[in-house]
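Engineer: any chance you can model this:
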Amino acid sequence: MAQLTVAWIDHHYDRDHAGLGRSRFAEHVWVHAKEFDDCWGDISPVGFACTAWRLATAPHLDPGFVRLHRRVLRAECSRNTWDGSLTAAATLVAPWPDALTRDRSWTRDRGWRGWPETFGQFLAPSQQELSRIPHARSTLLVDAPLPLADLPEVPEDPGPKLPELAERAVTVLVRELNDLLAPMVARLDEAR
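Structural biologist: Here you go, the predicted model:
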């Protein structure tokens with residue numbers, strides 16, 4: 001059985017929808033190169049990797065360069081303020097906890113529902129649904145360190161390799177997030 005993929009880079013869409021160059025993400029990185037200003041020459045790759053991830057998952061880059069599994073509502077990277085390490089924060093759609101499913105007397109026959117789904121996607125309930133039916137949507141918050149080993153070195157300035165280095169950082173983060181979250185998301189999918 002193939003391992004579940006939680007995050008992936010959509011190279012095909014990126015190439016097919018590039019404006020001037022060969023990569024929509026590369027163009028996006030150049031437009032937002034100033035966001036890397038605090039990173040140039042840093043001995044730690046964390047800030048650079050976090051900025052690249054933010055650009056790859058930015059809402060205004062729709063769809064994002066990085067795509068996420070339907071259970072992943074949010075996946076962010078940040079520098080840990082305690083030691084400067086790389087931390088991932090993810091919010092996953094989860095089924096109701098056992099304490100709520102074992103005994104449903106708490107529902108008092110109000111028709112409580114969990115996450116609405118449309119075409120396999122988890123959605124927030126519409127205003128119309130909320131006017132008639134109560135919803136309790138469970139999430140699982142994941143905060144975990146990610147290894148730095150394969151992240152690229154931070155350049156001294158925004159040179160010609162900036163988009164390539166940003167893509168390499170994002171590729172490493174995608175791999176690490178898959179390694180971290182895929183087993184958990186697979187179990188959540190099985191629990192349905």
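Engineer: can you tell me the average pLDDT over the longest helix anywhere in the chain?
Structural biologist: Taking residue count as the measure and DSSP state H as the definition, the longest helix of the chain comes out as helix 162-190. Taken as a whole, helix 162-190 has an average pLDDT of 96.
Engineer: pull the distance from that helix to the chain's centre.
Structural biologist: Taking the mean C-alpha point of helix 162-190 and that of its whole chain, the gap between them comes to 8 Å (CA atoms, centre = their mean, to the nearest Å).
Engineer: next: stretch 20-36.
Structural biologist: 19 Å.
Engineer: now it - C-alpha only, PDB.
Structural biologist: Coordinates of each C-alpha in stretch 20-36 appear next as PDB, following Å, rounded to 0.1, in the frame of the first residue of the first chain:
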ATOM      1  CA  LEU A  20       6.900  35.100 -18.100                       C
ATOM      2  CA  GLY A  21       9.200  32.300 -17.000                       C
ATOM      3  CA  ARG A  22       9.100  28.600 -16.400                       C
ATOM      4  CA  SER A  23       7.700  28.700 -12.900                       C
ATOM      5  CA  ARG A  24       4.800  30.600 -11.300                       C
ATOM      6  CA  PHE A  25       6.400  30.000  -7.900                       C
ATOM      7  CA  ALA A  26       9.700  31.500  -9.100                       C
ATOM      8  CA  GLU A  27       7.900  34.600 -10.300                       C
ATOM      9  CA  HIS A  28       6.100  34.800  -7.000                       C
ATOM     10  CA  VAL A  29       9.400  34.600  -5.100                       C
ATOM     11  CA  TRP A  30      10.900  37.400  -7.200                       C
ATOM     12  CA  VAL A  31       7.900  39.600  -6.700                       C
ATOM     13  CA  HIS A  32       8.100  39.000  -2.900                       C
ATOM     14  CA  ALA A  33      11.900  38.900  -2.600                       C
ATOM     15  CA  LYS A  34      11.800  41.700   0.100                       C
ATOM     16  CA  GLU A  35      10.200  39.200   2.500                       C
ATOM     17  CA  PHE A  36      13.600  37.400   2.600                       C
END
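Engineer: hang on, the earlier thing: if you count neighbours, what's buried in the longest helix of the chain?
Structural biologist: By neighbour count, and taking 16 or more other CB atoms under 10 Å as the criterion, the buried residues in helix 162-190 are 162-163, 165-174, 176-178, 180-182, 184-186, 188. Any C-beta I mention is one placed from the backbone N, CA and C, and that applies to glycine too.
Engineer: what do you get for stretch 125-135?
Structural biologist: Pro125.
Engineer: who does the longest helix of the chain touch, helix- and strand-wise?
Structural biologist: Secondary structure elements in contact with helix 162-190, counted by 3 or more CB pairs under 8 Å, 6 or more residues apart in numbering; DSSP states H and E, are strand 7-9, helix 24-31, helix 46-56, strand 72-79, strand 86-93, strand 139-146.
Engineer: the lowest-mean-pLDDT helix or strand in the chain: how far from the chain's middle?
Structural biologist: Evaluated with mean pLDDT, DSSP states H and E, the helix-and-strand set of the chain has its lowest mean pLDDT in helix 98-101, which scores a mean of 87. Using CA atoms, centre = their mean, the mean C-alpha position of helix 98-101 is found 28 Å from that of the whole chain.
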